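Novice: Structure of the sequence below:
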Amino acid sequence: MVVEVDDAVAIYRQLAKYPKAKSGRICKLMIEGVTMVVEVDDAVAIYRQLAKYPKAKSGRICSEEAPGHLQVYSEWTQRDLDRGEQIKFARGHIIHLDVIVPTPAYEVLNEQWNKESPSGKYRAVIRKLKDKKGEEKQFLEIWSDTSKLHSIDILSVDRHGKIYEDEQFGCLEWSHSETHLLYVAERKVPKSKSYFDNKPDVGVSSDTSEIQKGDEFLYRDNWGEQLSEKCHPVLCVLDIEGGCVSLLENIPDHISPGQAIWCPDDLGVVCVGWWHDAPRLGLIYCPMRRSALFHIDLKTFTCSILGADDQSVRSPVFSPDKTKLIYLENECQGAHAQCSRLILCDWPTKGIVPVLEIVRHAPANEFQGVFTMKLDNKCWSLDSKRIVLNTQWRSKVELVVVSVETGAVTRLTDDPEVGCWRLFEVHNDLILAACSSVSQPDYLVIGHLPSNGSEKSIKWTRLDSEPTSIREILWTITPVNVPPERAHHKHSHLDYEYIFIEPFESVEGKPPLVVYNHGGPHSAFVADFQVYLAGLCCCGFALLLVNYRGSYGFGQDGIESLPGNIGSQDVLDVQSVVEEIRSSGRVNREKIFVIGGSHGGFISAHLIGQYPGFYKAAVARNPVINIASMIGVTDIPDWAFVECGLPFDRNSLPSLSGYDVMLKKSPIVNIDNIVTPVLLMIGGKDLRVPPSQGLQLKNAMEGRGKTVRMLWYPDCSHPLSEVAAEADAFVNIVRWFVQHMNI
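Specialist: Sure thing, here's the model as predicted:
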């Protein structure tokens, strides 16, 4: 019994340190001297708060009404946990001289595209709705400043299937005359019926050739993960006044067109076309599939290729003076994400000139090469001599300006407090961009592009005076030099980086460490705002994000160093940094966890197999477990060959020795060494790393009496990004780590 007043006081003083969650504030408790979230309700409250931070998706500078007077329109997405969906809303900013006035945000409903006309007088909107029967409809609407001028039930025109809304193929482009719209849709599929269906055909002409009996279950090749409904796109032109739709059918039948733009005189169209090489391979996250620029002449109805036809191209953009066409180009083989070339087409002569070549390697403070998936469709300076683009620069994303005449590259941004810059538009030399960091959600900035040679003097103005910042989070980026014994035999000069994130508040003891591994493997962590990272840190964890050799944004030599070395180079790069952080005294040496998705799950599974007992618990999201068994079911079988250092041929199976290489590089070979409890998170619709991979690990662990739990998200594809699944996964990650904290 407590009999002394001092004893009671001491007990009460200790208990009084435990805070109570009120009004969504972060509630943390002490576990062996470390401030930690231990209750599910606390993790839910933290995630609910962080999920409210929106992400800027696009923005444009509206036409200037008067000198010194601007309007900025931006669209944002935000997780709505109660509705279980990503909502989209719009914001405005009115800028008059030095005064910036934000306008109220409003939700944008059912819009798939929203495109302003060149003069700014009109907007074209593609809206997706359901009719009274629950069937999906798409309406193409034309708006003025005051009212809706046209509304066309575009599917009832019956010229094509659904309009594409994705970034891979999709577009909505006004003609310069503002009389026509160019877009991409699915090719109309002939109607089919069963051999045993004798019902009369309603709405079909007497020509029975329109109906194909026995084809109702015919498989149609598609573009794979997240593009499984994209089979054969067609370019479409809408005559706005007449309401009629024309198809540009002079593109070869073995080509899928997309990313289309009007030629300067409206008498032609330029688009990217992807070859239907058999078997067709997944396209998303793979900007190295064979493609070319196609020019469709609307006067002669001819179609010709601009530039090379044995490369991979994307993002064509015309200059303001209509004399230049810029685009990105890659080799159509090898690693799925690589350094790109910037190519210029002189439009009058159709001559092709490289502006920026591939950068093999560069010091950290020098340009690393073009590492971006796309160019913004308004990236040119007013004089048509420079373009602005965002590019991954090691562990950040920066803005650079490129002279298309000299190839000179100037870094426009180098702010230690900003981890990611994303370009939205260049309008009359005004640059609109979004910024964020690990501890700061998105906010908008605007700046005037200085004259050629003076670009570094650019000044940025925030459109919101006090952007939200999460004070509980500290982050740093640190370079890592590779010791001689681990140096690559061909690229011994390579280094890499890691991002370290830790709770700001002072605690008794050290925080547990979560090692977070990125996928790809040729993607990379960026020091931008991510809900999972911020959430885990607010729950009391420190985080380590290693951009191992082979990550995106570190030059082409880094990319090429990893194929043939997966499961060793990437794993050792991560583990060496983990051990360095563990020995530094910054984290709890005994409480180290690991998580990763896709190839990050591959690395995580390797870490717990190669270093038994080092990690307290692991989470693997759609992980690659057995490369040898994956090649027959993934939409990217070439990935397995390339990353294992084997030659890829679409027309042959791997040899027995090839299967042996794939198996030996897979985490499954270390199954008997695994003692770490594993939580698997699997997307039922994943075509990239099919669910059978996670199931294989689950079955192998269960058969050996090891601790494993699986969460199955039936409607999710590879990213597990649906709102309900994403929220559920976060709470389960925290719960899993806390559950195994002291085991």
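
Novice: drop to CA atoms for contacts and neighbour counts, all remaining ones
Specialist: Will do.

Novice: Any idea which helix or strand in this protein has the lowest mean pLDDT?
Specialist: When each helix and strand of the chain is scored by mean pLDDT, DSSP states H and E, strand 29-31 comes last, with a mean of 39.

Novice: ranges for the strands of the stretch 1-150 of the chain?
Specialist: Along the stretch 1-150 of the chain, the stretches classed as strands by DSSP state E, counting those that start in this stretch are 29-31, 34-36, 55-66, 69-80, 85-96, 99-108, 111-116, 123-130, 136-143, 148-153.

Novice: got it, and the stretch 601-743 of the chain?
Specialist: Ranges of strands within the stretch 601-743 of the chain are 617-621, 678-683, 708-713, based on DSSP E, counting those that start in this stretch.

Novice: Can you tell me which of these is packed in deepest?
Specialist: Among those, judged by mean count of other Cα atoms under 10 Å, the one packed with the most neighbours on average is strand 617-621 (a mean of 27).

Novice: Check which strands are paired with that strand and give the direction for each one.
Specialist: strand 592-597 (parallel), strand 678-683 (parallel) (DSSP bridges).

Novice: Same list, these, but as a markdown table with distance to residue 449 and mean pLDDT please.
Specialist: Shown next, in a markdown table, are the strands paired with strand 617-621 (distance: least, Cα to Cα, whole Å; pLDDT from 0 to 100):
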| stretch | distance to residue 449 | mean pLDDT |
| --- | --- | --- |
| strand 592-597 | 39 | 98 |
| strand 678-683 | 44 | 98 |
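
Novice: Figure out which of the ones you listed is closest to residue 268.
Specialist: Residue 268 sits nearest to strand 678-683 of all the strands paired with strand 617-621, at 42.5 Å, using Cα to Cα.

Novice: Extract the C-alpha set from the closest one and format it as CSV.
Specialist: Extracted in CSV, the C-alpha atoms of strand 678-683 (Å, rounded to 0.1, in the frame of the first residue of the first chain):
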residue,chain,number,x,y,z
VAL,A,678,5.5,-9.9,-41.4
LEU,A,679,2.3,-7.9,-42.3
LEU,A,680,1.4,-8.3,-46.0
MET,A,681,-0.8,-5.7,-47.8
ILE,A,682,-2.1,-7.0,-51.1
GLY,A,683,-4.1,-5.3,-53.9
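
Novice: can you give me the angle it makes with strand 708-713?
Specialist: What separates the directions of strand 678-683 and strand 708-713 is an angle of 20 degrees, with axes from the mean of the first three to the mean of the last three Cα atoms, to 10 degrees.

Novice: chain center to strand 678-683, what's the gap?
Specialist: 21 Å (Cα atoms, centre = their mean, to the nearest Å).

Novice: Tell me the strands beside the helix or strand where residue 274 lies, with direction?
Specialist: Residue 274 is located in strand 268-275, with elements delineated by DSSP states H and E. Its sheet considered, strand 268-275 pairs with strand 255-262 (antiparallel), strand 291-297 (antiparallel) by DSSP bridges.

Novice: what's residue 323 in contact with, if anything?
Specialist: Shown in contact with residue 323 (Cα atoms under 8 Å, 6 or more residues apart in numbering): 346, 347, 348.

Novice: hang on, I meant residue 555
Specialist: When the contact criterion is Cα under 8 Å, 6+ apart, the partners of residue 555 are 339, 359, 360, 361, 362, 368, 369.

Novice: Also residue 333?
Specialist: Counting by Cα under 8 Å, 6+ apart, residue 333 makes contact with 288, 289.

Novice: Could I get the phi/psi values of it?
Specialist: Summarising the backbone geometry of residue 333 under the convention degrees, to the nearest 10, its torsions are phi -160, psi 170.

Novice: pLDDT score for it?
Specialist: The predicted local distance difference test score for residue 333 is 91.

Novice: ok, now the one 3 residues further on?
Specialist: For residue 336, the model assigns a pLDDT of 97.

Novice: Pull the number of nearby residues for it.
Specialist: 25 (other Cα atoms under 10 Å).

Novice: Confirm it sits in a helix?
Specialist: No. Using DSSP: H, G, I helix; E, B strand; the rest coil, the secondary structure at residue 336 is coil, not a helix.

Novice: Wait, it touches residue 283, no?
Specialist: No. Under the criterion of Cα atoms under 8 Å, residue 336 lies out of contact with residue 283, with a separation of 9.6 Å.

Novice: most packed of the strands of the stretch 1-150 of the chain?
Specialist: Mean neighbour count, computed with mean count of other Cα under 10 Å, is highest for strand 34-36 among those, reaching a mean of 22.

Novice: picking that back up, could I get the strands paired with strand 268-275 as a markdown table with distance to residue 637, mean neighbour count and mean pLDDT?
Specialist: Output for the strands paired with strand 268-275, formatted as a markdown table (distance: least, Cα to Cα, whole Å; neighbours: other Cα atoms under 10 Å; pLDDT from 0 to 100):
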| stretch | distance to residue 637 | mean neighbour count | mean pLDDT |
| --- | --- | --- | --- |
| strand 255-262 | 21 | 24 | 98 |
| strand 291-297 | 19 | 22 | 98 |
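
Novice: what about the ones you listed, which gets the closest to residue 734?
Specialist: strand 255-262 (40.9 Å).

Novice: List the contacts of the closest one.
Specialist: Taking Cα under 8 Å, 6+ apart as the criterion, the residues outside strand 255-262 that touch it are 168-171, 173-176, 182-184, 232-235, 251, 268-276, 314-317.

Novice: ditto for stretch 496-509
Specialist: Under the criterion Cα under 8 Å, 6+ apart, external residues in contact with stretch 496-509 comprise 32-35, 394-395, 471-482, 511, 527, 537-538, 540-549, 554, 588.

Novice: Could you check it and say which residues are buried?
Specialist: Using 16 or more other Cα atoms under 10 Å as the burial criterion, the residues of stretch 496-509 that qualify are 496, 497, 498, 499, 500, 501, 502, 503, 504, 509.

Novice: Assumed the last one was part of a helix.
Specialist: In this case it means residue 509. No. Secondary structure assignment (three-state DSSP) places residue 509 in coil, not in a helix.

Novice: which residue ends up closest to the midpoint of this protein in space?
Specialist: Nearest to the mean C-alpha position of the chain, counting by Cα atoms, centre = their mean, stands residue 285 at 7.9 Å.

Novice: Quick check: that residue touching residue 336?
Specialist: Yes. Contact status for residue 285 versus residue 336: in contact at 7.1 Å, counting by Cα under 8 Å.

Novice: Which residues does the strand or helix carrying residue 516 contact?
Specialist: Secondary structure assigned from DSSP H and E places residue 516 in strand 513-517. The set of residues that contact strand 513-517 without belonging to it, under Cα under 8 Å, 6+ apart, is 541-546, 578, 587-588, 591-597, 600-601, 603-604.

Novice: angle of that strand against strand 617-621?
Specialist: Orientation of strand 513-517 against strand 617-621 (the same axes, to 10 degrees) gives an angle of 30 degrees.

Novice: Buried residues, the helix ranked longest in the chain. List them.
Specialist: Of all segments of type helix in the chain, defined using DSSP state H, the longest is helix 723-739. Applying a neighbour-count criterion of 16+ other Cα under 10 Å, the buried positions in helix 723-739 are 723-727, 729-738.

Novice: Tell me how far stretch 635-655 lies from the chain's centre.
Specialist: Using Cα atoms, centre = their mean, the distance from the centre of stretch 635-655 to the centre of the chain it belongs to is 24 Å.

Novice: okay, and for the stretch 401-550 of the chain, where does confidence drop off?
Specialist: When residues are selected by pLDDT under 70, those of the stretch 401-550 of the chain lie in 467, 506-508.
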